[in-house]
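In: Give me a 3D structure for the following:
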Amino acid sequence: MREYRNILVYAMVNLGDVILTTSAIALLKKAYPQARITMLSRPIVREVIEHNPVIDDVILFDYKAKQNSMGKMWAMVQELCRRKFDLAISFDRKLRPALLCLLAGIPVRVGPSRVFDSKPSRVTWLYTHTVPITHDLDETLQAETYQEIIRGFTGAAGHEHPVLPTPTEAQRAKAAALLSSAAGKRKIGLCVKGTFGLKTWPKEYFAEVVRALNLRYDAAFYVTGAPGDYAYAEDVISAIGLPVENLCGKTNLMELAALYGQLDLLISVDTGGAHIAAVTGVPLVVMFGCTSPRRWHPISDNAAVFTSQEPCCPCSYRETDCPSYPQPNCLYHVRPDVVLAECIRFLDGTM
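Out: Predicted structure coming up:
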């Protein structure tokens, strides 16, 4: 097998996908243990890739930003040229980073034939090596699809788990301070809002589960999420009708990881935060809507997932286009009683 010493990997995608790609980077690190691995990704995911034990360096590029003029693009080409990469591996099949790598003269450029869907793409023309992905994407964990890119190119065997940096002492201390109201109580986290409507479990279902847990346990409840989730979280808290702390926007990503690591349970929709939580090992219950857990199941032995397995799922509907709108079957058929039972099993230690 040819040896590579200076490798660029890139994933210009959302948080959950970037976390899942770290499993493939861990496999790559095993294939080329002497190589320096640099990751090109978006600023929004910086905290989960900086100081990551399987990533040696990070280049941030906000490819959607208005300031990315031709001059900015050319500056990035020059930066990639300066670093003299001998191999580039794509985890996203996007045009712009593939073009940057071509213009930078990286001699070996690897990418998948498919990664998110089966639509043909001319982006593969920019690769020197296209790895065929032959399995059913919807029936295969996305982390395995990313790892298959590495296995297909390097011939490496095995399977790896996603990797996060270790939270610092300061990050753990901040998380503990945010959870200080739970002294002597069970600490239960809630991630209530998905990136779009068909991933967001009904707020009245969250309310039913939290009220039942409150009757059974001496517990404190915390909603976590991005700053833009704050207002929706307030609506959920109002529906619950109990004291619940709204922590949306009060942590960065690694502070969030530190916080999840100190919880007794996290109840979440299918979102990037669930993949952070899975790496920490916190007991995790996830409700899926239009997406499939066969593909997006958080990778943890402590994760339980629920889906109603609607015949129309997985789908690409917008919420208002869903045939069962305004109460989408994929969300409303995941009933609170089954979610509650799983939460109780985790909290009582019977799993």
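In: Excluding covalently adjacent residues, which one is nearest to F221?
Out: Closest residue to F221 apart from its sequence neighbours, by CB to CB, 6 or more residues apart in numbering: V244 at 4.4 Å. Just so you know, the C-beta spots here come from the backbone N, C-alpha and C atoms, and that holds for glycine as well.
In: tally of neighbours for the one you found?
Out: Using other CB atoms under 10 Å, V244 has 23 other residues around it.
In: Likewise for R172?
Out: Neighbours around R172, by other CB under 10 Å: 18.
In: The residue nearest to F221 contacts S238, doesn't it?
Out: No - checked against CB atoms under 8 Å, the pair V244 and S238 is beyond contact range at 9.5 Å.
In: ok, back up a step: quick one: contacts for the residue nearest to F221?
Out: By CB atoms under 8 Å, 6 or more residues apart in numbering, the residues touching V244 are L190, V210, F221, Y222, V223, I237.
In: Can you tell me which of these end up in helices?
Out: The helices, defined by DSSP state H, take in V210, I237 from the contacts of V244.
In: quick one: contacts for the residue lying closest to S90 once chain neighbours are set aside?
Out: Leaving out its chain neighbours, the residue that sits closest to S90 by CB to CB, 6+ apart is G111, at 3.7 Å. Under the criterion of CB under 8 Å, 6+ apart, the neighbours of G111 are I89, S90, R93, A98, V123, T124, L126, Y127, H129, T130, V131, I149.
In: please redo it, this time with the cut-off set to 6 Å
Out: Applying CB atoms under 6 Å, 6 or more residues apart in numbering to G111 gives the contacts S90, R93, Y127.
In: Where does the residue lying farthest from the centre of the chain sit: helix, strand or coil?
Out: The C-alpha centroid of the chain is most remote from L215, which lies 32.3 Å away (CA atoms, centre = their mean). At L215 the chain is in helix, as set by DSSP: H, G, I helix; E, B strand; the rest coil.
In: Next, work out how far apart it and A143 are.
Out: 37 Å (CB to CB, to the nearest Å).
In: One more: V115?
Out: As judged by CB to CB, V115 and A143 stand 12 Å apart.
In: Show the residue spans covered by the strands in this structure.
Out: Using DSSP state E, the strands of the chain run over residues 6-10, 36-41, 57-60, 87-90, 109-112, 129-131, 186-191, 219-223, 245-246, 265-269, 284-287, 303-306.
In: about what we covered before: which of the contacts of V244 lies closest to A257?
Out: Y222 (14.4 Å; CB to CB).
In: picking up where we left off before, can I get the contacts of V244 in JSON lines with neighbour count, distance to T38 and pLDDT?
Out: Output for those, formatted as JSON lines (neighbours: other CB atoms under 10 Å; distance: CB to CB, whole Å; pLDDT from 0 to 100):
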{"residue": "L190", "neighbour count": "26", "distance to T38": "36", "pLDDT": "98"}
{"residue": "V210", "neighbour count": "27", "distance to T38": "43", "pLDDT": "98"}
{"residue": "F221", "neighbour count": "24", "distance to T38": "41", "pLDDT": "97"}
{"residue": "Y222", "neighbour count": "23", "distance to T38": "36", "pLDDT": "98"}
{"residue": "V223", "neighbour count": "24", "distance to T38": "36", "pLDDT": "98"}
{"residue": "I237", "neighbour count": "22", "distance to T38": "42", "pLDDT": "97"}
